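Q: Show me how the following folds:
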Amino acid sequence: MSESKRWRKVKSQHIKPKDTQKPQSAWINLYDFSLKKQLILMHASARIKAFITDMFMINMPLLYLTTYVFLDGKEDFTHNQMAILSCGLAYGIITSLFFALTHQTPGFRYMQLRLVRFPTQKPHTPHHTAPATQELDSIKIGFFRAFARYVLWVFGTSFLFGILIGFLRRDGRCLHDIVCKTQVISI
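A: Below is the predicted model of the structure:
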């Protein structure tokens with residue numbers, strides 16, 4: 001027969017309930033939402049400063065050359081939609097080249113940010129195919145992925161939903177980061 005246990009002894013054992021956690025969602029819990037925490041998680045301040053720096057260092061010279069060298073001034077530039085589109089595409093190509101080659105634009109380098117591949121899965125076996133010395137953040141983004149990220153960034157920020165998604169995710173990644181499997185990290 002089994003030995004009967006005293007209630008005092010059972011109560012003092014502090015048996016922990018089984019860990020029945022369901023998988024964590026990528027989305028935040030709105031009851032615990034903190035705007036300050038999300039902005040820090042998204043590197044929002046550093047990203048805005050990096051964007052302004054890139055605009056002055058990359059886009060302003062493009063706009064100046066297009067306006068005063070290739071066209072006859074401000075009036076021609078404002079009425080020429082192809083010139084405006086070509087400046088936007090040239091800016092996207094140049095920033096994509098920076099991201100593809102060095103993981104950083106001049107603004108990202110100034111703010112000590114880096115664009116890396118998002119770790120989607122862990123290797124299942126100890127003999128995975130990637131070299132042991134190559135870390136996930138040193139894998140090149142690639143020009144086409146970086147340019148697709150730029151196009152999605154333009155589309156997402158134009159309608160604001162691309163940025164708002166970053167506020168609602170636990171990892172702070174925006175729409176263009178999610179689709180292109182990238183992440184901005186601080187170095």
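Q: When you work out contacts or count neighbours from here on, use the C-alpha atoms and nothing else.
A: Fine.
Q: give me the number of residues near Leu85?
A: Leu85 has 11 neighbours, counted by other Cα atoms under 10 Å.
Q: Repeat that for Gly156.
A: Neighbour count for Gly156, taken as other Cα under 10 Å: 18.
Q: Please give me every residue in contact with the spatially closest residue to it that is not a sequence neighbour.
A: Leaving aside its sequence neighbours, Gly156 sits nearest to Gly162 (Cα to Cα, 6 or more residues apart in numbering; 3.9 Å). Residues in contact with Gly162 (Cα atoms under 8 Å, 6 or more residues apart in numbering) are Trp153, Phe155, Gly156, Cys174, Leu175, His176.
Q: Quick one: these as JSON lines, columns for pLDDT too.
A: As requested, the contacts of Gly162 are arranged in JSON lines below (pLDDT from 0 to 100):
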{"residue": "Trp153", "pLDDT": "96"}
{"residue": "Phe155", "pLDDT": "95"}
{"residue": "Gly156", "pLDDT": "94"}
{"residue": "Cys174", "pLDDT": "93"}
{"residue": "Leu175", "pLDDT": "94"}
{"residue": "His176", "pLDDT": "95"}
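Q: And those residues, which two are furthest apart?
A: Phe155 and Cys174 (12.0 Å; Cα to Cα).
Q: Of those two, which one has the most company?
A: Neighbour totals were compared for Phe155 and Cys174, and Cys174 leads with 25 against 15 (other Cα under 10 Å).
Q: The most centrally placed residue in the chain is in what secondary structure piece?
A: Nearest to the mean C-alpha position of the chain, counting by Cα atoms, centre = their mean, stands Gln183 at 3.6 Å. Using DSSP states H and E, Gln183 falls within strand 182-186.
Q: wait, doesn't Phe99 sit right on Leu115?
A: Yes - using Cα atoms under 8 Å, Phe99 is in contact with Leu115, at 6.9 Å.
Q: which residues do those two both contact?
A: Ile141.
Q: rewinding a little: check the residue nearest to the centre of the chain and give its pLDDT.
A: Gln183 carries a pLDDT score of 92 in this model.
Q: Thr157 versus that one, what's the distance?
A: Taking Cα to Cα, to the nearest Å as the measure, Gln183 and Thr157 are separated by 17 Å.
Q: now swap in Leu71 and tell me
A: Distance of Leu71 to Thr157, computed by Cα to Cα: 29 Å.
Q: now do Arg149
A: To Thr157, Arg149 is 12 Å away according to Cα to Cα.
Q: Just the strands from this structure, written as ranges.
A: Along the chain, counting by DSSP state E, strands occupy 113-117, 182-186.
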